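Visitor: Generate a structure from the sequence data that follows.
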Amino acid sequence: MKNLKALGLFILAALASLAAAVYAANWVARRGSIDADKVVVAAADIPLGSKIMPTMLNTVDWPRGSIPEGAFHDLQQLQDRVVKVGVLRGEAVLEGKLAPVGTKGGLAAVIAPGKRAMTVRVNDVVGVAGFALPGNYVDVVVNAQQERGKTEELRQISKTVLENVLVLAVAQEADRDETKPKVVSAVTLELSPGDAEKLDLARSVGSLSLVLRNQIDKEPISTAGITKQQLFGSAEPAPVSAPAPAKPAVRRSKPAAVPAASTCVEVIQDGNRNLNCF
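Guide: Numbering: from 1, shown residues only. A predicted model of the protein is given here:
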């Protein structure tokens, strides 16, 4: 009786093992039949502005139905290319993440077409306590003496001169994956040629401040600036008017003198006095 039970358990175990083997074989067959292709991915994190080296890349099997647009299939296609955005390990290297062919490495590779990079000196206050990091957007405010008319005094004014400016780098670092604030002495901004001229003039006439803004807030806001008188609620000083021109003096003619040899007699008649001279 015991032998029959042992034999039954043995047969049951054999059937279970056979079923598992069949299932595994079918699973492997299905995996092998998937239509895949080789796609180039990053073998390590590639910082923006870096020139791609062969050791930074690897190829993996990627289902053909989900291969992203702009992907590469051969490592040789990426030789000496430069990334304009950071690429994480295991992420597919796409054409949209690369600078144009022939671009050299460095910060110049990440500047958008038609834009320029300009560096301004900052401190822990001007640089928003180090929270103005690469990839963030800031507004630029200038505090300066505003020139007025020749007869009017200079007045202090603060005004936003640039809006929605991209921070390319802080000090010598352009890594946009960092979130920890960094207090630095210089910030590099991406500007149009016209805005670069405006910023250069602004920093020469007054002191600059950076104002951190939300990355998805692109709405421009026009302000007239604020003066010291407006800040403290006092009225603007009345303009000094020019003195009125002096009126020309009126020359009055003297009355004709009475000849010394004349004899005059005062005649009073009906309450009227008349002077008759002979």
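Visitor: Where do the strands of the stretch 51-200 of the chain begin and end?
Guide: Listed in chain order, the strands found in the stretch 51-200 of the chain under DSSP state E, counting those that start in this stretch are 57-63, 116-121, 137-146, 155-170, 186-191.
Visitor: most packed of those strands?
Guide: strand 186-191 (a mean of 21; mean count of other CB atoms under 10 Å). Placement of C-beta: from N, CA and C, glycine included.
Visitor: Can you check what angle separates that strand from strand 137-146?
Guide: For strand 186-191 against strand 137-146, the angle by axes from the mean of the first three to the mean of the last three CA atoms, to 10 degrees is 100 degrees.
Visitor: Now do strand 186-191: distance to the chain's middle.
Guide: Between the centre of strand 186-191 and the centre of its chain there are 8 Å (CA atoms, centre = their mean, to the nearest Å).
Visitor: what's downstream of the helix or strand where Ala14 lies, the next helix or strand?
Guide: Using DSSP states H and E, Ala14 falls within helix 2-32. The helix or strand immediately downstream of helix 2-32 is strand 36-42, counting by DSSP H and E.
Visitor: what's around the closest residue to Ile46 other than its chain neighbours, how many residues?
Guide: Counting by CB to CB, 6 or more residues apart in numbering, Ile46 lies nearest to Val87, which is 4.3 Å off, once chain neighbours are set aside. When counting by other CB atoms under 10 Å, one arrives at 23 neighbours for Val87.
Visitor: is it true that Val87 touches Lys97?
Guide: Yes. Val87 is in contact with Lys97 according to CB atoms under 8 Å; the separation is 6.0 Å.
Visitor: residues contacting the most centrally placed residue in the chain?
Guide: Residue closest to the mean C-alpha point of the chain, counted by CA atoms, centre = their mean, is Val165 at 1.2 Å. If you count contacts by CB atoms under 8 Å, 6 or more residues apart in numbering, Val165 has them with 137-140, 189-191, 195.
Visitor: Could I get those in a markdown table, plus columns for pLDDT and distance to Trp62?
Guide: As requested, these are exported to a markdown table (pLDDT from 0 to 100; distance: CB to CB, whole Å):
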| residue | pLDDT | distance to Trp62 |
| --- | --- | --- |
| Tyr137 | 92 | 34 |
| Val138 | 92 | 39 |
| Asp139 | 92 | 42 |
| Val140 | 92 | 44 |
| Leu189 | 93 | 38 |
| Glu190 | 93 | 34 |
| Leu191 | 94 | 39 |
| Asp195 | 94 | 42 |
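Visitor: Was I right to think Ala99 contacts Pro113?
Guide: No. Here Ala99 does not reach Pro113: they are 10.5 Å apart, not a contact under CB under 8 Å.
Visitor: Neighbour count for these two, which is higher?
Guide: Just comparing Ala99 and Pro113: by other CB under 10 Å the higher neighbour count belongs to Ala99, 20 against 5.
Visitor: Against Ala112, how distant is the more buried one?
Guide: 11 Å (CB to CB, to the nearest Å).
Visitor: Equivalent analysis for Leu98, please.
Guide: 14 Å.
Visitor: okay, these two: which has more neighbours?
Guide: Higher neighbour count among Leu98 and Ala112: Leu98, with 20 against 11, using other CB under 10 Å.
Visitor: For that one, give me its contacts.
Guide: Contacts of Leu98 by CB under 8 Å, 6+ apart are 78, 81-84.
Visitor: rerun at 6 Å
Guide: Contact partners of Leu98, counting by CB atoms under 6 Å, 6 or more residues apart in numbering, are 81, 83.
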